[in-house]
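Student: this is the structure alone, sequence omitted:
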């Protein structure tokens, strides 16, 4: 079963400096029918204007992943983590028992376009932690590249939840497949382009909740970038 969450059905706010879409309930956007999917709690698609951002603010008991689509995002947090991340970079924070961080767009001319993801952790009050990794375009091109996992390999980031997160840049006409073990679920989030997954067409901003499907075949109708979550 594949249930599509259309881009146009997401929560949307344009604050001028921030243009943001919420796949699940978040902040002032409340939708009781779209609170989460499995351990996936938040997928926010944000475009932050040049020189703007989020001042220091707290989080706790969440695994937070940031995936940059274009531009750059400067980050600083109370663990000592500080970095400017760009396309190909994946940033992760274990908010755990409590962390504060700030994020802003350091460019004076270019917006930053990103996906921010929250996963419910498998345990509460973990020690806060920051890390990041870079995944080349070649490593994501026309394949599923593992970027974060409870049991990471090949340079993927460790997260505290039974999730395997893959990123892909799929050229038009190309396809990838992914098998789901019995009892596993998936969420597919399209960042750019258009794909067909098991006969369902998804465009930029669309998401799809997947259950009771043993195999996913994802074909790019045109050049596409997407994230695939394999979830308990």
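Tutor: Everything's here; your move. Everything quoted here is computed from the prediction, not taken from an experiment. Numbering: from 1, shown residues only.

Student: chain center to whatever helix or strand residue 58 lives in, what's the gap?
Tutor: Taking DSSP states H and E as the definition, one finds residue 58 inside strand 53-59. In terms of C-alpha atoms, centre = their mean, to the nearest Å, the gap separating the centre of strand 53-59 from the centre of its chain is 19 Å.

Student: what strands flank that strand, and is each parallel or antiparallel?
Tutor: strand 99-104 (antiparallel) (DSSP bridges).

Student: give the buried residues for the strand it pairs with.
Tutor: 99, 100, 101, 103, 104 (16 or more other C-beta atoms under 10 Å). (Glycine included, C-beta is placed from N, CA and C.)

Student: the residue nearest the centre of the chain: what secondary structure?
Tutor: Within the chain, the residue whose C-alpha comes closest to the C-alpha centroid is residue 117; the distance, by C-alpha atoms, centre = their mean, is 4.4 Å. Assigned state for residue 117: strand (three-state reduction, DSSP: H, G, I helix; E, B strand; the rest coil).

Student: for the strand of greatest length in the chain, enumerate the helices and strands it packs against.
Tutor: In the chain, assigned by DSSP state E, the strand with the most residues is strand 215-231. Using 3 or more C-beta pairs under 8 Å, 6 or more residues apart in numbering; DSSP states H and E as the contact criterion, the neighbours of strand 215-231 among helices and strands are strand 163-170, strand 175-179, strand 185-197.

Student: name the helix or strand for the closest residue to the residue nearest to the centre of the chain other than its chain neighbours, please.
Tutor: Nearest non-adjacent residue to residue 117, counting by C-beta to C-beta, 6 or more residues apart in numbering: residue 65, 4.3 Å away. Using DSSP H and E, residue 65 maps to strand 63-70.

Student: that concludes my questions; thank you for your assistance.
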